[in-house]
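S.K.: sequence plus predicted model, see below.
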Amino acid sequence: MKIQNTKEALQATHANLSRFEFNDVNLQEATFTNVNLSKATFTDINFSGAKFSNLNLTNVEIEACDTTGMKLRGVLVLDLFDAYKRKA
């Protein structure tokens, strides 16, 4: 199914959207609950101001990202990296 050039709000419930491709799509203020994104790839994504909770991040890789102000469990990632560097 192709959805192009629409501004209408969509709702997917109990749906299989595996292998869907999203390119140049605005999902601002979207809500994802009980969603399986295992093995998904995110490239050139704006997650600024997003909140993630109750996630399984097993084997997740994050690279080449701006982590300014990013917190993990309330701790700034920059502080975590600084502490790691001091220990090494």
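M.R.: Arrived safely, thanks for sending.
S.K.: looking at this, Tyr84 is in a strand?
M.R.: No: assessed with DSSP: H, G, I helix; E, B strand; the rest coil, Tyr84 is helix; it does not lie in a strand.
S.K.: quick one: the helices in this structure?
M.R.: Applying DSSP state H to the chain gives helices spanning 77-87.
S.K.: what ranges does it have for its strands?
M.R.: Here the chain has its strands, by DSSP state E, at 71-72, 75-76.
S.K.: just how off-centre is the last one within its chain?
M.R.: The chain centre lies 18 Å from the centre of strand 75-76; the measure is Cα atoms, centre = their mean, to the nearest Å.
S.K.: tell me the pLDDT of Ala88.
M.R.: On pLDDT, Ala88 comes in at 79.
S.K.: one step back: reformat the strands of the chain as JSON lines; add distance to Phe32.
M.R.: Glycine gets a C-beta too; all of them are placed from N, C-alpha and C. JSON lines is the format used below for the strands of the chain (distance: least, Cβ to Cβ, whole Å):
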{"stretch": "strand 71-72", "distance to Phe32": "19"}
{"stretch": "strand 75-76", "distance to Phe32": "24"}
